[in-house]
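*Asks:* Coordinates for the following, if possible.
(one chain, ligands or ions: 2)
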Amino acid sequence: MDISRILITAGEPAGIGPEIMVKMAQHSCADQLIICASPSLLTAAAKKLQLPLELSEFTPDTRLESHRTGHLWIIPCELDATEVNPGQLNVAHAAYVLDTLKIAHEHAISGQVDAILTGPVHKGIINESGLSFSGHTEFFAEQSQSEKVVMMLATEGLRVALATTHLSLREVPDAITPELLTQIITILVEELKSKFSIQHPRVLVCGLNPHAGENGHLGTEEIRVIEPTLETLRQNLNADIIGPLPADTAFQPNKLAEVDTVLAMYHDQGLPTLKYKGFGKAVNVTLGLPYIRTSVDHGTGLDIADKGIADIGSMQYALQFTQDLIQRHKQSHGSL
Ligand SMILES: NC(=O)c1ccc[n+]([C@@H]2O[C@H](COP(=O)([O-])OP(=O)(O)OC[C@H]3O[C@@H](n4cnc5c(N)ncnc54)[C@H](O)[C@@H]3O)[C@@H](O)[C@H]2O)c1
Ligand SMILES: N[C@H](C(=O)O)[C@H](O)COP(=O)(O)O
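*Replies:* Ligands and ions are numbered 1, 2, ... in the order given. Got it, this is the predicted structure:
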């Protein structure tokens, strides 16, 4: 049996990440789960939840084995759990959070693990600590020196990719350039082929403005930038590039039935629909990285931290999605 290694980062220590790690440990999984986190944090979470948890330190010599319920392999990252108050952010923990991500990157880029699956972090508190951080997507792009990557969220029956990610709304129109759209759509099409085995991807591209600009009367980005870029891409890519279409009607079932993904121009043009349809059963995947990186669809859940009610649905969905990506990758690279 082929076993893969999946490195999971536990995310913000004051959020629901530690609880989700402990709950995940109770379920079976054919692959090896390695958590990058503070051991004392996970032990405290398990005690609070009254769930069994045995931790073993993961090293390069660790044998490959399937997940054992109630057990986790751990890459320890130092943080004293007694300093963590659930639900309360602390700038002093930001460096720990980023350390877990750096360790994850190092393990993935060196091939020691087959994929990274990230738990939720709080972007605000990391920035308040003085460390610049827009999101995992941008962080791993920078760490791996990837010129451009694409954020895509997926749930049953819907994939939504974003042309811009964690950008203030005021900056979005200037960011939508022919170069950006060309990079994003090229990565999207290539990875729909390579990672999702879609031979001729169909991408529905949203306009930026209401009613896709209403023939230039409600904004000119469609006429000046989006339409000509899509026309060029149609000639260069083996894919159906549809649009730009008005975003308000782009998500109708009859339209979605004819495409493989929607490309939204900005975060809140695409993700509310995705999360309305599939919150708790969705995954966030970064396309264009030199390794597989996925994440949950939810944030740090500070309002429910320590209540024991965090749902692990998205983490389970993301784990299954990650396993599928790894299997397809291994098959296409001849290691299966
Ligand atoms: N993958 C990530 O790292 C990620 C993803 C999204 C948001 N965030 C960050 O999380 C922080 C908080 O964001 P937010 O408040 O907008 O979103 P959130 O997802 O943390 O919370 C939104 C609502 O959903 C509930 N919720 C979230 N996850 C849940 C779960 N697993 N089970 C049950 N209920 C759950 C919360 O209690 C809250 O009521 C922000 O800093 C944001 O940037 C991180
Ligand atoms: N945009 C994501 C969402 O709304 O679910 C979330 O902020 C996480 O993004 P990163 O994976 O880049 O941290």
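*Asks:* How far does stretch 151-161 stretch from one end to the other?
*Replies:* Taking Cα to Cα, to the nearest Å, the first and last residues of stretch 151-161 lie 6 Å apart.
*Asks:* Could you give the average pLDDT over that stretch?
*Replies:* Averaged over stretch 151-161, pLDDT sits at 98.
*Asks:* near ligand 1 at all, that stretch?
*Replies:* No. Residues of stretch 151-161 contacting ligand 1 under Cβ under 6 Å from any ligand atom: none, with a closest distance of 9.7 Å. Glycine gets a C-beta too; all of them are placed from N, C-alpha and C.
*Asks:* next one: that stretch to chain centre, how far?
*Replies:* 10 Å (Cα atoms, centre = their mean, to the nearest Å).
*Asks:* Let me know the outermost residue of the chain.
*Replies:* Each residue of the chain has a distance to the centre, and by Cα atoms, centre = their mean the biggest one is for His217: 36.0 Å.
*Asks:* Name whatever forms a beta bridge with that one.
*Replies:* Under DSSP bridges, the beta-bridge partners of His217 are Gly219.
*Asks:* pLDDT score assigned to it?
*Replies:* pLDDT, His217: 98.
*Asks:* now swap in His136 and tell me
*Replies:* Reading off the model, His136 has pLDDT 98.
*Asks:* can you tell me which residues contact the nearest residue to it once chain neighbours are set aside?
*Replies:* Excluding the flanking residues, the one nearest His136 by Cβ to Cβ, 6 or more residues apart in numbering is Thr118, at 5.1 Å. Shown in contact with Thr118 (Cβ atoms under 8 Å, 6 or more residues apart in numbering): Ile8, Thr9, Gly11, Leu101, Ala104, His136, Arg293, Thr294, Ser295, Val296.
*Asks:* same question, Val160
*Replies:* With Cβ under 8 Å, 6+ apart, Val160 has these contacts: Met152, Leu153, Ala154, Thr261, Val262, Leu263, Ala264, Gly270, Leu271, Thr273, Leu274.
*Asks:* what about the closest residue to it other than its chain neighbours, is that helix, strand or coil?
*Replies:* Excluding the flanking residues, the one nearest Val160 by Cβ to Cβ, 6+ apart is Gly270, at 4.1 Å. Here Gly270 is recorded as helix under DSSP: H, G, I helix; E, B strand; the rest coil.
*Asks:* can you pull the contacts of Gly270?
*Replies:* By Cβ under 8 Å, 6+ apart, the residues touching Gly270 are Leu153, Val160, Ala161, Leu162, Cys206, Ala247, Val262, Leu263, Ala264.
*Asks:* coming back round to it: any chance of the contacts of Val160 in CSV with secondary structure as columns?
*Replies:* Shown next, in CSV, are the contacts of Val160 (three-state DSSP):
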residue, secondary structure
Met152, strand
Leu153, strand
Ala154, strand
Thr261, strand
Val262, strand
Leu263, strand
Ala264, strand
Gly270, helix
Leu271, helix
Thr273, helix
Leu274, helix
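*Asks:* give me the subset of those touching ligand 2.
*Replies:* Among these, the residues within reach of ligand 2 (Cβ under 6 Å from any ligand atom) are Leu271.
*Asks:* What average pLDDT does stretch 20-35 get?
*Replies:* For stretch 20-35, the mean per-residue pLDDT is 98.
*Asks:* Endpoint to endpoint, that stretch covers what distance?
*Replies:* End to end - Cα to Cα - stretch 20-35 spans 11 Å.
*Asks:* Could I get the buried residue list for it?
*Replies:* Ile20, Met21, Val22, Lys23, Met24, Ala25, Cys29, Asp31, Gln32, Leu33, Ile34, Ile35 (16 or more other Cβ atoms under 10 Å).
*Asks:* now stretch 316-325
*Replies:* For stretch 316-325, by 16+ other Cβ under 10 Å, it's Gln316, Tyr317, Ala318, Leu319, Phe321, Thr322, Gln323, Leu325.
*Asks:* In the stretch 201-336 of the chain, what residue lies closest to ligand 1?
*Replies:* Residue of the stretch 201-336 of the chain nearest ligand 1, by Cβ to the nearest ligand atom: Gly299 (2.2 Å).
*Asks:* so how many other residues sit close to the closest residue to that residue other than its chain neighbours?
*Replies:* Nearest residue to Gly299, sequence neighbours excluded (Cβ to Cβ, 6+ apart): Pro120, at 4.9 Å. Pro120 sits with 25 neighbouring residues when counted by other Cβ atoms under 10 Å.
*Asks:* Then Pro52?
*Replies:* By other Cβ under 10 Å, the residues close to Pro52 number 12.
*Asks:* Surely it and Gly70 touch.
*Replies:* Yes. The criterion here is Cβ atoms under 8 Å, and Pro52 meets it with Gly70 at 4.1 Å.
*Asks:* hey, what's in contact with both of those two?
*Replies:* Here Pro52 and Gly70 share the contacting residues Gln26, scored by Cβ under 8 Å, 6+ apart.
*Asks:* so what's the closest residue to Asn209 other than its chain neighbours up against?
*Replies:* Counting by Cβ to Cβ, 6+ apart, Asn209 lies nearest to Gly219, which is 3.3 Å off, once chain neighbours are set aside. When contacts are counted by Cβ under 8 Å, 6+ apart, Gly219 touches Pro173, Leu208, Asn209, Pro210, Gly213.
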